[in-house]
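Enquirer: Quick one: sequence plus predicted model below, questions after.
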Amino acid sequence: MRDARRLVEALRDPQSVAGLPVRDWTALIALARAESLIGSLAYRLQGMELPAKVDWIMDDARRDAGQARRQALWEAEMARRALGSLEVPVILLKGTAYAAAGLQAGVGRSIGDLDIMVPRQSLDAVQEALLGAGWEWVKEDAYDDLYYRQWMHELPPLIHRERDRMIDVHHTILPLTHRRRPDAAAMVAESVVLDSGLRVLSPADMVVHSVAHLFADGDLAGGLRNLWDIDRMLREFASEAFWQKLDERARLHQLLPEVRRALRLSNRLYGTPVQDPVMAASDRLFERRLLARNGWGQTTRKGLRLAFYVRSHWLRMPPLMLARHLWTKARR
């Protein structure tokens, strides 16, 4: 196995693992763990007849995913309690949002930090409330603090002193220095209130945010998991009205090319039913980057990974600002 294609095939079509040799199971499990997709794979294979050892591993992965979900929702509740008196819309993002909203994208998904979004004008009040409720700054360095506050789309990360859990407080979905300028106020305005009082982005904005995180704000690390999120959401939200809304919101947030690339690659890898999924020439490079792992779960195609790493910084900052930032970081 030269890349992560076996994992993609197993997620796309669970029946493809029938009769899989032991050595290929080893590779598949290593790949799923490396891409943080072991929980998603375990739920896709649930109910199938698997080798005894594999069945045990999948059962353990489902238990771990269930525990991660409960922990993520508890952290969301703690944030709700800390911020409830502010009367500020608190929007859950990423994995916690999928779990809280009961979406298929949240089934088995690995969830790390708690990510929330609030209006930018509420940042001071939000940070003070979180600090008062036991969160502390992770980064104490003055330059890093200034970097986040002037240029980034979020506050410096915070960690709770007792629970040792981190929270990232966003006020938009891309760095302020990015070439794309999503309309954060429009995202807040169309967010959906959950029974808890917390919010999630609207379906179209949720997909746009996932696309932005994957293709406009990083080097595609964890890309297969993020693309799996997109596949799950597109299948669950699919309707004529949704496709029209997705196109409108992608245009509004200046992310239409990235959204269209995500649709093409999601169709290519996971078979997501989308209209006119004709691959562009550059899509092949993105596909190769997404699949850049071997059967041991190790990273491959180091040159291509480096190119995407450089691209991620190039997208985030104008050249002169990027050069100053990298020089400052290198000196320190």
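Expert: Sure, I can see it. Residues are numbered from 1 along each chain as shown.
Enquirer: okay, now residue 271: neighbour count?
Expert: Counted with other Cβ atoms under 10 Å, the neighbours of residue 271 add up to 16. Heads up, the C-betas are built off the backbone N, CA and C, glycines and all.
Enquirer: Next: residue 47.
Expert: Neighbours of residue 47 using other Cβ under 10 Å come to 8.
Enquirer: would it count as being in a helix?
Expert: No: using DSSP: H, G, I helix; E, B strand; the rest coil, the secondary structure at residue 47 is coil, not a helix.
Enquirer: I'd like the distance between it and residue 15.
Expert: 12 Å (Cβ to Cβ, to the nearest Å).
Enquirer: Over to residue 30?
Expert: Counting by Cβ to Cβ, the gap from residue 30 to residue 15 is 21 Å.
Enquirer: These two: who's more crowded?
Expert: The neighbour comparison of residue 30 against residue 15 (other Cβ under 10 Å) goes to residue 30, with 18 against 9.
Enquirer: For the residue nearest to the more buried one when sequence neighbours are not counted, give its distance to residue 143.
Expert: In this structure, residue 30 finds its nearest non-sequential neighbour in residue 297, 3.7 Å apart by Cβ to Cβ, 6 or more residues apart in numbering. For residue 297, the distance to residue 143 equals 35 Å [Cβ to Cβ].
Enquirer: more crowded one of these two?
Expert: Under the criterion of other Cβ under 10 Å, the comparison of residue 297 against residue 143 puts residue 297 first, with 18 against 12.
Enquirer: How about the secondary structure of the more buried one?
Expert: Secondary structure of residue 297, per three-state DSSP, is coil.
Enquirer: isn't it right up against residue 36?
Expert: No: using Cβ atoms under 8 Å, residue 297 is not in contact with residue 36; the gap is 11.0 Å.
Enquirer: ok, residues contacting the strand or helix carrying residue 263?
Expert: Assigned by DSSP states H and E, residue 263 belongs to helix 256-270. Residues outside helix 256-270 that contact it (Cβ atoms under 8 Å, 6 or more residues apart in numbering) are 8, 11-12, 180, 207-208, 210-212, 214-216, 224, 227-228, 230-231, 234, 246-247, 250, 272-274, 277-280, 283, 286-287, 290.
Enquirer: Narrow the residues you listed to those in helices?
Expert: 8, 11-12, 207-208, 210-211, 224, 227-228, 230-231, 234, 246-247, 250, 283, 286-287, 290 (DSSP state H).
Enquirer: Now, of those, which are buried?
Expert: Neighbour counting with 16 or more other Cβ atoms under 10 Å marks 8, 11, 207-208, 210-211, 224, 227-228, 230-231, 234, 246, 250, 283, 286-287, 290 as buried within these.
Enquirer: what number of residues lie near residue 109?
Expert: 26.
Enquirer: Would you quantify the distance from it to residue 261?
Expert: Applying Cβ to Cβ to residue 109 and residue 261 gives a distance of 22 Å.
Enquirer: Ok, residue 180 next?
Expert: 13 Å.
Enquirer: how about the nearest residue to residue 98, chain neighbours excluded?
Expert: According to Cβ to Cβ, 6+ apart, the nearest residue to residue 98 is residue 106 (3.3 Å).
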